[in-house]
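J.: Sequence first, then the predicted structure:
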Amino acid sequence: MRGILLEELSIGSLVRRALGVSIDGPWVVVGIGGDGLLSLEPLSGGDIVSCHVGSVYGIPLDGGLLSSLGFRRAWKEGAGDRVWYGLCGGVRLTVSLRQRHGQEFCRRVALGGRVSCWHEGLLCLHELQRWWVDRVLLPYGIPLSLPMAVRDMPCDE
């Protein structure tokens, strides 16, 4: 498990925190100090805690996480990739996963609708959030709302 660099984070990033040999979370980054000290709030609300950036880790993009964030499966289970989609402010966010060595990994993330681009280097949720900021929030003013409220509809709508 790779640690997170301070420059990878922004306010609102979702991360996990290591406590000895266990990992808890998800946590929302609500404060970032130049010395690497982070303020984290539980996703479900509660008391804010402080920890060093060296104690936080990314949340891997996998089917369980995507389902919990309101994404819908676009294609039926089959050989090869598993595709999930979500809608936010008229932008379709598609995440393609693949099985490798018995685990699910993110293969590709794509944006469609008002924005059209893709990325193959995103493995964790905080990376996806940061990419959204650069590609959607800054140019179009559409924040990424998690969890998404996706109604059942075909992927191509």
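T.: Thanks, I have it. Residues are numbered from 1 along each chain as shown.
J.: C-alpha only now, for contacts and for neighbours.
T.: Fine.
J.: From P143, how far off is the residue nearest the centre of the chain?
T.: Nearest to the mean C-alpha position of the chain, counting by CA atoms, centre = their mean, stands L125 at 2.2 Å. Separation of L125 from P143 (CA to CA, to the nearest Å): 15 Å.
J.: re the thing from before, and the residue nearest to the centre of the chain, what does it touch?
T.: In this structure, L125 makes contact with 13-15, 58-61, judged by CA atoms under 8 Å, 6 or more residues apart in numbering.
J.: Hmm, E104 is touching V95, no?
T.: No: counting by CA atoms under 8 Å, V95 is not a contact partner of E104; they are 11.9 Å apart.
J.: quick one: which of the two has more around it?
T.: Between E104 and V95, V95 has the larger neighbour count (other CA atoms under 10 Å), namely 29 against 17.
J.: so what's that one up against?
T.: V95 neighbours (CA under 8 Å, 6+ apart): 83-85, 106-110.
J.: So which of the residues you listed are in strands?
T.: 83-85, 106-110 (DSSP state E).
J.: Which one of those residues is nearest to C51?
T.: Nearest to C51 out of the ones in strands among the contacts of V95 is C106 (CA to CA; 27.7 Å).
J.: Report how many residues lie close to the closest one.
T.: 22.
J.: Show me what the residue nearest to it when sequence neighbours are not counted bridges to in the sheet.
T.: Of all residues not flanking C106 in the chain, L97 sits nearest, at 4.4 Å (CA to CA, 6 or more residues apart in numbering). When assigned by DSSP bridges, L97 has beta-bridge partners R82, C106.
J.: So for L97, what's the pLDDT?
T.: Here the pLDDT value assigned to L97 is 92.
J.: I'd like to know how far it sits from I23.
T.: For L97, the distance to I23 (CA to CA) stands at 23 Å.
J.: of the two, who's got more company?
T.: Shown here are L97 and I23; by other CA under 10 Å, L97 has more neighbours (22 against 13).
J.: contacting residues around the more buried one?
T.: By CA under 8 Å, 6+ apart, L97 lies in contact with 62-63, 81-83, 104-108.
J.: burial measure for I59, as a count.
T.: Counted with other CA under 10 Å, the neighbours of I59 add up to 20.
J.: gap between it and A18?
T.: Distance, I59 to A18, by CA to CA: 12 Å.
J.: Equivalent analysis for G58, please.
T.: Using CA to CA, we find G58 at a distance of 11 Å from A18.
J.: Which one of the two is surrounded by more residues?
T.: G58 (20 against 14).
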